[in-house]
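Q: Sequence first, predicted coordinates after that:
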There are 2 protein chains.
Amino acid sequence: MSENSGGRRPADPAAVTVDLVIFTIRGDELRVLLVERGNAPYRGRLALPGGYVRPGEGLDEAARRELAEETGLDGRLHLEQLRAYGDPDRDPRGRVVTVAYLAFGPDLPVPVAGSDARAARWEAVEPLVSGTTPLAFDHADILRDALERARARLEYTTVAAAFCAEPFTVADLRKVYEVVWGAPLDPSNFRRKVTRAEGFLEPTGGRRVPEAGRPAALYRRGPAKALSPPLLRSGDQVSR
Amino acid sequence: MSENSGGRRPADPAAVTVDLVIFTIRGDELRVLLVERGNAPYRGRLALPGGYVRPGEGLDEAARRELAEETGLDGRLHLEQLRAYGDPDRDPRGRVVTVAYLAFGPDLPVPVAGSDARAARWEAVEPLVSGTTPLAFDHADILRDALERARARLEYTTVAAAFCAEPFTVADLRKVYEVVWGAPLDPSNFRRKVTRAEGFLEPTGGRRVPEAGRPAALYRRGPAKALSPPLLRSGDQVSR
DNA sequence: CCAAAAGTGTTCGAAATACACCCATGC
DNA sequence: GCATGGGTGTATTTCGAACACTTTTGG
């Protein structure tokens, strides 16, 4: 930042928080971790997990800490910043600027109570973004932005694999895309694309025998972050 | 945001600022608006324009105000949030969280002094991101992120047109892509793509006579925001 | 042998690249 | 006319969607 207009203008004191949109896939649908608020404002309402950034703590650091507190899983989940939200009246208690983070993880055991006694649970995303279920603060907006970002990230990056517990099959990975995009994909073509993408998947050599059908090869996440060519979802490659 | 652990934890008081990465194209290169700092810290060093978010002001609102103050152009430029930066020691004066914004505009008359007496000027981006010229605070990081974001935005959105003063020609628009991506494009194929993209360009009916050659048709920006199919820069469509 | 899911091959059409070619203007 | 850039046509190639087909397991 820079000081303004030569002289110092008193900074509007603000509280800074991080809020987490933690997505996972469970029961063939996309879910997000929400907590029930125990205090005013919005007491009893569902909200994104989050908390104040502590003194001496960076934003990413605070998000990582909150993530560990909420899920119990330390460094496993993919975490990235979504954006900042700072409407002056987004919190009735005063100026609170929040930096929202987006996390992806495999179907987690169950939200641990952790150091935090609040009731946390996985909620299906779809009804929440449709606007029927109300969330605390501007968290519905944040969730909508997060979903849109997640959908886009699947196209151009390899983060989809972060939704899968290792080792996983190509079908597991395909389910991630289908659930997040909400559209079925052609298994053959999907497999070709992801296996050809350099550094996306690394074969473990193992196989998984399903309830029925031929065993599937197992993979772990490869080193690649970006995905080129991208897996586009725009009409093409979606089975009709 | 949500309160933490049931009880209230004192929020780390933070100053919140917005910083602007304002890009334009001038002299066949990408440039960014920088100001010379008049006060400590980093006195005399170049920095991104920005300032404190005022009481009762939203983040977007603050960014829009700063943009108007710096450039004199009110609502003309495209403006979008980049991300927040909040390393605890990014500002030696204390905790300052900044929200960076990205703006695109046509070759602007010249940085007006505006209400602000600081010396502002357009600097070429390339030497700055190469890391040779030092910037104040973490502004070099912000600039690098902004450049990467801008390059990506050109692929999937119509923001490139925001760099062109209306009315403009297809060649003007192509120059934007070439300068931002740093690679020459095939004029014929480029024209086909952008003219076919629904809602990208609207013909004005006018023509512009160049110094030499056939007059070019003039266009204004169309209503479309997203660009599908995207204009990919990955190897393809770049003349070799 | 049948069902079911994994995985391969093949065809067909759309789209992109590369480039030849024509157009409209100033000199 | 000629140089210069705007703009169109088009052959070739590449790539992806669709889908038939083969493989490997359990019952």
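A: Nice, I can see it.
Q: give me the number of residues near A:Thr187?
A: Small correction: residue A:187 is Pro, not Thr. Counted with other C-beta atoms under 10 Å in any protein chain shown, residues neighbouring A:Pro187 total 12. Placement of C-beta: from N, CA and C, glycine included.
Q: Can you pull the phi/psi pair for the closest residue to it other than its chain neighbours?
A: Nearest residue to A:Pro187, sequence neighbours excluded (C-beta to C-beta, 6 or more residues apart in numbering or on different chains): A:Arg174, at 6.4 Å. Main-chain torsions, A:Arg174, degrees, to the nearest 10: phi -60, psi -40.
Q: A:Val180 too?
A: A:Val180 adopts backbone torsions of phi -70, psi -40, taken as degrees, to the nearest 10.
Q: if we can go back for a sec, per-residue confidence for the residue nearest to A:Pro187?
A: Confidence at A:Arg174, expressed as pLDDT, is 97.
Q: Tell me which residue is most central in chain A.
A: Nearest to the mean C-alpha position of chain A, by C-alpha atoms, centre = their mean, lies A:Ala103 at 3.3 Å.
Q: For the helix or strand A:Glu126 falls within, list every residue counted as buried.
A: For A:Glu126, the enclosing helix or strand under DSSP states H and E is helix A:125-129. For helix A:125-129, the neighbour count (16 or more other C-beta atoms under 10 Å in any protein chain shown) marks A:Val125, A:Leu128, A:Val129 as buried.
Q: Surely the residue nearest to A:Pro187 touches A:Ser188?
A: No: using C-beta atoms under 8 Å, A:Arg174 is not in contact with A:Ser188; the gap is 10.6 Å.
Q: higher neighbour count, these two?
A: The neighbour count for A:Arg174 versus A:Ser188, taken as other C-beta under 10 Å, is higher for A:Arg174 (18 against 8).
Q: hang on, the earlier thing: what separates the helix holding A:Glu126 from the chain centre, distance-wise?
A: Relative to its parent chain, helix A:125-129 has a centroid offset of 14 Å by C-alpha atoms, centre = their mean, to the nearest Å.
Q: now swap in stretch A:124-134 and tell me
A: For stretch A:124-134, the distance to the chain centre is 16 Å (C-alpha atoms, centre = their mean).
Q: Span of it from start to end?
A: Stretch A:124-134 has its terminal residues 13 Å apart, counting by C-alpha to C-alpha, to the nearest Å.
Q: hmm, that stretch touching chain B?
A: No: judged by C-beta under 8 Å from any C-beta of the partner chain, stretch A:124-134 stays clear of chain B, getting no closer than 14.9 Å.
Q: Could you do stretch A:55-68 as well?
A: Yes: interface with chain B: stretch A:55-68 contributes A:Pro55, A:Gly56, A:Glu57, A:Gly58, A:Leu59 (C-beta under 8 Å from any C-beta).
Q: one step back: could you point out the helix or strand that follows the helix holding A:Glu126?
A: helix A:139-156.
Q: Next, the buried residues of the one helix or strand A:Val176 maps to.
A: Using DSSP H and E, A:Val176 sits in helix A:170-181. Buried residues in helix A:170-181, defined by neighbour count with 16+ other C-beta under 10 Å: A:Val170, A:Asp172, A:Leu173, A:Arg174, A:Lys175, A:Val176, A:Tyr177, A:Glu178, A:Val179, A:Val180, A:Trp181.
Q: what subset of these is also close to DNA strand C?
A: For DNA strand C, the contacts drawn from the buried residues of helix A:170-181 by C-beta under 7 Å from any atom of the strand are A:Val170.
Q: Which one of the buried residues of helix A:170-181 is nearest to B:Arg45?
A: A:Val180 (43.8 Å; C-beta to C-beta).
Q: tell me the contacts of that closest one?
A: Under the criterion of C-beta atoms under 8 Å, 6 or more residues apart in numbering or on different chains, the contact list for A:Val180 reads A:Phe23, A:Ile25, A:Leu30, A:Ala150, A:Arg151, A:Leu154, A:Ala160.
Q: Would you mind pulling the contact partners of stretch A:161-173?
A: Contacts for stretch A:161-173 (C-beta under 8 Å, 6+ apart): A:23-25, A:77-78, A:104-107, A:160, A:176, A:187, A:190-191, A:194-195, A:200-201, A:204, A:206, A:208, A:216-222.
Q: So it, near DNA strand D or not?
A: No: Stretch A:161-173 is not in contact with DNA strand D by C-beta under 7 Å from any atom of the strand; minimum separation 13.5 Å.
Q: okay, now the domains of chain A?
A: As given by automatic domain parsing, the domain ranges for chain A are A:15-155, A:165-221.
Q: highest average neighbour count across those domains?
A: Highest mean neighbour count among those (mean count of other C-beta atoms under 10 Å in any protein chain shown): domain A:15-155, with a mean of 19.
Q: now check that domain, is it near DNA strand C?
A: No: applying C-beta under 7 Å from any atom of the strand, one finds domain A:15-155 separated from DNA strand C by no less than 13.0 Å.
Q: what's the straight distance from one end of that domain to the other?
A: With C-alpha to C-alpha as the measure, domain A:15-155 spans 35 Å from end to end.
Q: contacting residues for A:Arg121?
A: A:Arg121 makes contacts with A:Leu33, A:Leu34, A:Val35, A:Glu36, A:Pro111, as judged by C-beta under 8 Å, 6+ apart.
Q: Would you reformat the residues of stretch A:55-68 next to chain B as TSV and include secondary structure and distance to B:Ala119?
A: Below are those laid out as TSV (DSSP: H, G, I helix; E, B strand; the rest coil; distance: C-beta to C-beta, whole Å):
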residue	secondary structure	distance to B:Ala119
A:Pro55	coil	35
A:Gly56	coil	35
A:Glu57	coil	36
A:Gly58	coil	32
A:Leu59	helix	31
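Q: Need those in CSV (columns: pLDDT).
A: As requested, those are exported to CSV (pLDDT from 0 to 100):
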residue, pLDDT
A:Pro55, 93
A:Gly56, 93
A:Glu57, 96
A:Gly58, 96
A:Leu59, 98
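Q: how near is the residue of chain A found nearest DNA strand C to A:Ala165?
A: Chain A approaches DNA strand C most closely through A:Gly213 (2.4 Å), counting by C-beta to the nearest atom of the strand. In this view, A:Gly213 and A:Ala165 are 20 Å apart by C-beta to C-beta, to the nearest Å.
Q: same deal with A:Ala84?
A: A:Ala84 is 31 Å from A:Ala165, by C-beta to C-beta.
Q: now swap in A:Leu231 and tell me
A: Look at A:Leu231 and A:Ala165: by C-beta to C-beta, they are 21 Å apart.
Q: For the closest residue to A:Arg221 other than its chain neighbours, what are phi and psi?
A: Spatially, and ignoring its direct neighbours in sequence, A:Arg221 is nearest to A:Ala161 (4.4 Å; C-beta to C-beta, 6+ apart). Dihedral pair for A:Ala161: phi -60, psi -20, per degrees, to the nearest 10.
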